[in-house]
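Student: Can you look at this prediction? I've put the sequence above it.
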Amino acid sequence: MSSTLLALLFVTGAAQAKDPGTPTAEHLGLTPAYLQGDWCQTYIQFPKERSEENTPYRWDPDGTYATRGSEHGDMKAGYFYLYKPEGKIKLATIAGFFKVKSVKPDAFVLQVFGDMHFQRGPCK
């Protein structure tokens, strides 16, 4: 590997390093302890429309979660989630990195292609 390519890889990696002053999803309150239990992803708010979802999630203490892949499918457990810099979280079942937009005692919002709203408790 050429020294130019090595230098480029080093600079690229350094540019992606987390700024120590930037909050993580955990610092914003989206911790495993906060998430633990049943939640409902109630809807997604797009700029011009709202999509009702009512998708159940169960967040487990080991840092995994369960959800269902279709409206009438069974819950599947063991999916992982990862915290990313800049207040983002990655869910194994959904492509992309979600920015933590807000965290309240019984609700949180993740933003990627729209605002995904979650409410503590089972879906109704």
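Tutor: Right, received. Where do you want to start?

Student: Work out for me the element the most centrally placed residue in the chain sits within.
Tutor: With distances taken as Cα atoms, centre = their mean, I89 lies nearest the centre of the chain, 3.7 Å away. Per DSSP states H and E: I89 is located in strand 88-91.

Student: Over to M116?
Tutor: M116 belongs to strand 115-120, assigned by DSSP H and E.

Student: go on, A33?
Tutor: Using DSSP H and E, A33 falls in helix 32-35.

Student: check contacts around K90.
Tutor: K90 makes contacts with Y81, L82, Y83, K84, G96, F97, F98, as judged by Cβ atoms under 8 Å, 6 or more residues apart in numbering. Bear in mind the C-beta positions are built from the backbone N, C-alpha and C, glycine included.

Student: Distance of the last one relative to L110?
Tutor: In this structure, F98 lies at 4 Å from L110, with Cβ to Cβ, to the nearest Å as the measure.

Student: Let me see the ranges of the helices in this protein.
Tutor: Using DSSP state H, the helices of the chain run over residues 3-15, 32-35.

Student: Least reliable of those by average pLDDT, please.
Tutor: Mean pLDDT is lowest for helix 3-15 among those, at a mean of 31.

Student: How far off centre is the helix holding A33?
Tutor: When distances are taken as Cα atoms, centre = their mean, to the nearest Å, helix 32-35 is centred 12 Å away from the chain's centroid.

Student: For this structure, give me the ranges with low pLDDT.
Tutor: Within the chain, the segments meeting pLDDT under 70 span 1-24.

Student: What segments of it are strands?
Tutor: Along the chain, the segments classed as strands by DSSP state E run 37-45, 50-59, 64-68, 75-84, 88-91, 97-104, 107-111, 115-120.

Student: need those in a markdown table with distance to L28, can you?
Tutor: Converted to a markdown table, those look like this (distance: least, Cβ to Cβ, whole Å):
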| stretch | distance to L28 |
| --- | --- |
| strand 37-45 | 16 |
| strand 50-59 | 16 |
| strand 64-68 | 18 |
| strand 75-84 | 10 |
| strand 88-91 | 10 |
| strand 97-104 | 5 |
| strand 107-111 | 9 |
| strand 115-120 | 14 |
